[in-house]
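Visitor: Quick one, structure for this:
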Amino acid sequence: MKHNFTKTLLVLSLCVSGWLALSQSLAGQDKYAVLVGVGDYDPAKFDRLQFAKDDASVLGKTLDKIGFQTTLITADAPSPRLRPTNPQKILTAVQSVANSCIKGDTLFVSLSGHGVQFLDDTTDENAVPETFFCPEDADLLDKSSLLPISALVEILDRCEASRKLLLIDACRNDAVIGDANAKTARRLNLGSVHENEMKIPGGLSVLFSCSSSQFSWEHNELGHSVFTNFVIEYISGRGDRRYYSNGQLDLDGLVYFVRKNTNQYVFDNHLSADGQLPVLRGTSTNWTLGDLTIEVDAETSLEDLLHNTRLGSVDAQFYLGEKYFYGREVDQDYTMAMQQYTLAAEQGDADGQYMVGLMYHDGLGVEQDGAEAKRWYLQAADQDYEQAKYEIGQLHYYGIDVEQSYSQAKLWYSRAAQSGNASAQYSIGHLFDYGKGVDTDFSQAMEWYLLAAEQNFAVAMTAIGVLYQNGEGVEQNYAEALTWYRRAAELDDFDAHYKIGYLYHYGLGVTQDGREASRWYRTAADTNHVDACVELGELYFYGLGVEQDYEQAMSWYIVAAEQGNAGGQFSVGFLFDYAKGVETDFREAMKWYQLAAEQEHAAAIAAIGVMYRNGDGVAQDYKEAMNWFLRASKQENAFAQYHIGMMVANGEGYQQDRNIAIQWLKKAAENGAEKAKTQLSEWNVR
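Guide: Numbering: from 1, shown residues only. Have a look, this model is predicted:
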């Protein structure tokens, strides 16, 4: 889910104790990186490099995960000072970071772009021609626009960091000054940066992307230069285990892995018959970079996750929490899940923060605590975690240990909806649909439902169908309602299944078809959809589209009744009251009627009145019966109004009064009571 509300893809996390000198271990050290990626060259002067900027940014993210403080210098940098338009900006940035380093620190510098060496630039055959890196505004006719590698090396030499690594992914061995088709154009005698045999000072290792006379290749399949791709793979821990001595990352492993895989990839993909073999210059003493952790995701084994959590891997903590939350490879244990999620959350992991909030929200492994849930959701929301924003809205909608406020709910729904969260879009539509915290506005509701439906949010599709079925904000259109219900049903929204069954049951916009209704009701009822259970029970009770079967009716009514559905409770009581598929049991009937009556179910209230009137399972009590009938009549229940009329007409507990009886029977008749109509007819009352 990393938002599944959980993680769908995990980038490997490395827990590193630091860069270590071979002779001693240094504690409390800091790690710095300056990463330069230049690709937006003037095409009249250099070929543009498609992936140089991404090389720098992805490498930066990889180093961030192992504790580096990264400075990124690309054309996309937010500050103009960090855009590599000229050499001075790059040197100034490196110098600034180098000045922050002290003994025990690590400094990692990487250059991705074009690089050149002017081979005709000296008359001394023993001198080494200068090597240059090319910023964005580089011009081969103006060396002041180029960055001398020696100047960069000098900064690194003066830096007090104990471990210094320079990666140079820059190679250009041919360039033309001027228009290649013009008579004034001349070809320069250039070499690649790796031609530079300058002395590399102690404490500095320089890894060049290729050997003499070779090119440094980019490749679309990788989305990176080949060299930097394998640097990232190694540091991310995705290499073969044999490159990680004793389960650790080290300089030798990095060099061996990158050299072998870069060269092999270039050869295998026919980029060059000569291959591309990176070269290490300078200090070759092996460094231990840190402990290796493996790449983990939802499918990683329990053993590997436990190993990574011991190393402090945030991602491993999160996925171990997932194991316990869902009971994968372990018994489901919400307490252990909460423990692991909290470890990840406390390190700033937004997914962990969301899950801790969710567990407090739902009371899983802890006492339900809406305020605590909100506290964790807020931390995830601060990282723009849209589902957390939505859940804060839910807390306020239902008032779970926080202020019950539809306006606050709408505020948080809106924040999530701005990021395209379909649940939030639907929920805003719901507020407008039912006038919660806002004036009822079916048109606004429709607009929000449609936004969610565009993302295949099935519940929103069903809500749109309801608007069409009821003619709310749109012209009533059963056919259009059915279309939306079917779309939602295809996405397994079982409320839509129920509503399709309802249209067929009552012949709304379609030919009435009990068999088709039962088919749709059943798929919803199989998920314990209470309304579908009740309606399916009705089909069996009356034998509509199915063979009449009171026992089947009871089985579906009871599923709904046990979930607290008042209609189901009344129907179960009715079957016990009138011995439909079961033995008569007035006590059981009364129990279910009372449960339904507690929810002000009018028919159940009236049924209790009948039991007191007749003395069925209780002592006959006309006054008690009248009380129940009067309570039901407040809801215009025709059955109760008929019984009031007949009790008054018969003087049952009250003074006999035909005129008053007639008034009640007329009310009952107006509300559809056929018995009342019959009685009035017998009395010749119109």
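Visitor: Kindly indicate whether the residue nearest to residue 92 when sequence neighbours are not counted is helix, strand or coil.
Guide: Excluding the flanking residues, the one nearest residue 92 by C-beta to C-beta, 6 or more residues apart in numbering is residue 81, at 7.6 Å. In this view, the C-beta of every residue, glycine as well, is placed from N, C-alpha and C. At residue 81 the chain is in helix, as set by DSSP: H, G, I helix; E, B strand; the rest coil.
Visitor: Hmm, residue 81 is touching residue 89, no?
Guide: Yes: look at residue 81 against residue 89 with C-beta atoms under 8 Å: they come within range, at 6.4 Å.
Visitor: Alpha carbons only: can I get the host helix or strand of residue 319 in CSV?
Guide: Secondary structure assigned from DSSP states H and E places residue 319 in helix 314-326. Extracted as CSV, the C-alpha positions of helix 314-326 are listed here (Å, rounded to 0.1, in the frame of the first residue of the first chain):
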residue,chain,number,x,y,z
VAL,A,314,12.6,2.6,7.9
ASP,A,315,11.2,0.7,5.0
ALA,A,316,11.8,-2.7,6.6
GLN,A,317,10.0,-1.4,9.8
PHE,A,318,7.0,-0.4,7.7
TYR,A,319,6.8,-3.7,5.8
LEU,A,320,7.3,-5.7,9.0
GLY,A,321,4.4,-3.8,10.3
GLU,A,322,2.5,-4.9,7.2
LYS,A,323,3.3,-8.5,7.9
TYR,A,324,1.8,-8.3,11.4
PHE,A,325,-1.1,-6.1,10.3
TYR,A,326,-2.3,-8.6,7.6
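Visitor: Quick check: next helix or strand after it?
Guide: helix 334-346.
Visitor: so that following helix versus helix 314-326, what angle?
Guide: For helix 334-346 against helix 314-326, the angle by axes from the mean of the first three to the mean of the last three C-alpha atoms, to 10 degrees is 160 degrees.
Visitor: Helix 334-346 packs against which elements?
Guide: Contacts defined by 3 or more C-beta pairs under 8 Å, 6 or more residues apart in numbering; DSSP states H and E place helix 334-346 against helix 314-326, helix 350-362.
Visitor: chain center to that helix, what's the gap?
Guide: Centre-to-centre, helix 334-346 and its host chain are 18 Å apart (C-alpha atoms, centre = their mean, to the nearest Å).
Visitor: what's the answer for stretch 679-686, then?
Guide: Distance, stretch centre to chain centre, for stretch 679-686: 67 Å (C-alpha atoms, centre = their mean).
Visitor: Could you work out the end-to-end span of it for me?
Guide: Stretch 679-686 has an end-to-end distance of 11 Å (C-alpha to C-alpha, to the nearest Å).
Visitor: ok, back up a step: and residue 81 and residue 89? which has more neighbours close in?
Guide: The residue with more neighbours, out of residue 81 and residue 89, is residue 89; 20 against 11, by other C-beta atoms under 10 Å.
Visitor: pretty sure that one is in a strand, no?
Guide: No: counting by three-state DSSP, residue 89 falls outside a strand, being helix.
Visitor: hang on, the earlier thing: packing partners for the helix holding residue 319?
Guide: On a contact count with 3+ C-beta pairs under 8 Å, 6+ apart, helix 314-326 meets helix 302-310, helix 334-346, helix 350-362.
Visitor: do you know which of those lies nearest residue 58?
Guide: Ranking the helices and strands packed on helix 314-326 by proximity to residue 58 (C-beta to C-beta) places helix 350-362 first, at 20.0 Å.
Visitor: Show me what counts as buried in that closest one.
Guide: Burial within helix 350-362, assessed by neighbour count using 16 or more other C-beta atoms under 10 Å, is assigned to 350, 351, 352, 353, 354, 355, 356, 357, 358, 359, 360, 361.
Visitor: same deal with stretch 382-394?
Guide: 385, 386, 387, 388, 389, 390, 391, 392, 393, 394.
Visitor: Where does the nearest residue to residue 559 once chain neighbours are set aside fall, secondary structure wise?
Guide: Computed as C-beta to C-beta, 6+ apart, the closest residue to residue 559 that is not its neighbour in sequence is residue 533, at 4.6 Å. Assigned by DSSP H and E, residue 533 belongs to helix 530-542.
Visitor: Worst mean pLDDT across the helices and strands of this structure, which element?
Guide: Lowest mean confidence among the helices and strands of the chain (mean pLDDT, DSSP states H and E): strand 186-187, at a mean of 34.
Visitor: Confirm residue 299 sits in a strand?
Guide: No: counting by three-state DSSP, residue 299 is located in no strand; its state is coil.
Visitor: re the thing from before, give me every residue that touches the residue nearest to residue 92.
Guide: By C-beta atoms under 8 Å, 6 or more residues apart in numbering, the contact list for residue 81 reads 89, 92, 93.
Visitor: Report the inter-axis angle for the helix holding residue 319 versus helix 350-362.
Guide: 30 degrees.
Visitor: Tell me the helices and strands packed up against the helix holding residue 533.
Guide: Judged by 3+ C-beta pairs under 8 Å, 6+ apart, the packing partners of helix 530-542 are helix 494-506, helix 514-525, helix 550-561, helix 566-578.
Visitor: Please point out which parts of the second one sit buried.
Guide: What it means is helix 514-525. 514, 516, 517, 518, 519, 520, 521, 522, 523, 524, 525.
Visitor: what does the last one give?
Guide: Of the residues in helix 566-578, those with enough neighbours to count as buried (16+ other C-beta under 10 Å) are 566, 567, 568, 569, 570, 571, 572, 573, 574, 575, 576, 577.
Visitor: and if you look at the first one?
Guide: If you call a residue buried by 16+ other C-beta under 10 Å, then helix 494-506 has these buried ones: 494, 495, 496, 497, 498, 499, 500, 501, 502, 503, 504, 505.
Visitor: Please consider this matter closed, and thank you.
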